[in-house]
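S.K.: with the input below, show me the fold.
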Amino acid sequence: MSSNSFPNDYAHNLTSTEDLWNYVCGTEDLPEGVELVPFCQFPYINDGWLTSGDGDAETFNDIKLNSCNITFADAMGSAYSSKCILYGLLNLVFVIINCQYWYVIRARRLARKGKTMNLMEKLTMINLSVSFFHGLCCIDYNAYSGIYSYEVISVFKGYCAAAFILVAALLITSWVSIIDGGKTKKTPKWATNLTYFTAFYGVFSECVLGIIEIQMPDYKGGYDTDVNVFKNLSFALLCMIWAAVSIKYGWKISAQLKAGGGGAADKVIKKYLNSIQICMLLGLLYKFAFALLRFGKGYVYTFPPCGAQYFDIIGVLFLTIQTVISLVQNPNTAKAKKNQTKVGVSTVTSTQSSVD
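M.R.: Below is the predicted model:
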């Protein structure tokens, strides 16, 4: 028996390769008293699994029982490598775009002799860091090659999720400062504390709890659903709080702008507000849906692929949010106008005076 085997008497005693395949990928119910438990340690699988090398099971004849010598990535062949390359190239595009954005925004600030990073600079840098870490994930996106451990992947993806909600928190806090900050536009203490808590809890929830949830007895790939559900629901609650604050203060700024003539400034605020709501909705749907699906299921194992897997829900979600942030942060569309500066909207729509 291979050193990469995982204790599973039922699977290891099977004498037919087709029975072994059906144990993992079959549609029929398992025999009474038999649980679906891995028979190889993650990310290994039997030699000959998905023998065509492109994610298609053409035959079971090449599967070697009790071997566990190849990785999931080896079994998927070009299907897995193509997914990693595709997602990696898309993240490279975002890195280039955000580097360009940062250069333009920083040049404008320096031209006005601004000494500290303004809000748009901070948001662009955070989105750039997300593209970088999400791009690093693409070296071994699901840890199927064994290049990354499950812990490393969890930290990389956890950082991305935490960074996204921090982007929303910083932007919304600037709106709160405009409305409730008085003449000095000083951020109210409650908003500052909520932003700090968001930064801390985002990292704690997605990175620290993300590592804790995957600490399984004797198995390296999977998660504890009790921890996962708590992580998802608590993060979803944080998203709901910021969504409510964004609606309240976004509408207040929009009303203030309309009273002063509205125009382009009002459209910019609505663009930011709509973008935040889209991102929050996507995050809430993901967190709530998977919390419900995983509730009370104990330990969930990562099983070998039964075919090509080009789609990854987390990857698509991250890329969608990266796209939304990049579109609204485009410095070429952030044109400052006098009526914007009067109400402090330059804090969120340009890199001018009040954010330098």
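S.K.: got a list of what Trp242 touches?
M.R.: By Cβ atoms under 8 Å, 6 or more residues apart in numbering, the residues touching Trp242 are Ile165, Ala168, Ala169, Ile172, Thr198, Ile276, Met280. (Each C-beta comes from the backbone N, C-alpha and C, glycine too.)
S.K.: over to Phe164?
M.R.: Counting by Cβ under 8 Å, 6+ apart, Phe164 touches Val130, Cys279, Gly283, Phe318, Ile321, Ile325.
S.K.: from the contacts of Trp242, which land in helices?
M.R.: Using DSSP state H, the members of the contacts of Trp242 that fall in helices are Ile165, Ala168, Ala169, Ile172, Thr198, Ile276, Met280.
S.K.: can you pick out the most distant pair from these?
M.R.: Between all members of the ones in helices among the contacts of Trp242, the longest pairwise span (Cβ to Cβ) is found for Thr198 and Ile276 and amounts to 13.5 Å.
S.K.: hang on, the earlier thing: looking at the ones in helices among the contacts of Trp242, which is nearest Pro304?
M.R.: Among the ones in helices among the contacts of Trp242, and counting by Cβ to Cβ, the member closest to Pro304 is Ile165, at 33.3 Å.
S.K.: mind telling me what element the spatially closest residue to that closest one that is not a sequence neighbour is part of?
M.R.: Once its chain neighbours are removed from consideration, Ile165 has its nearest residue in Gly202; the separation is 5.3 Å (Cβ to Cβ, 6 or more residues apart in numbering). Under the assignment given by DSSP states H and E, the secondary-structure element containing Gly202 is helix 189-203.
S.K.: Ile85: how many residues sit nearby?
M.R.: 13 (other Cβ atoms under 10 Å).
S.K.: let me know the pLDDT of the closest residue to it other than its chain neighbours.
M.R.: Residue nearest to Ile85 in three dimensions, not counting chain neighbours: Cys138, with 7.5 Å by Cβ to Cβ, 6+ apart. At Cys138, the predicted lDDT confidence score is 94.
S.K.: low-scoring stretches of the stretch 201-350 of the chain, by residue?
M.R.: Across the stretch 201-350 of the chain, residues meeting the criterion (pLDDT under 70) sit at 257, 259-269, 333-350.
S.K.: how about the helices in it?
M.R.: 209-212, 225-259, 264-294, 313-328, 338-342, 346-349 (DSSP state H, counting those that start in this stretch).
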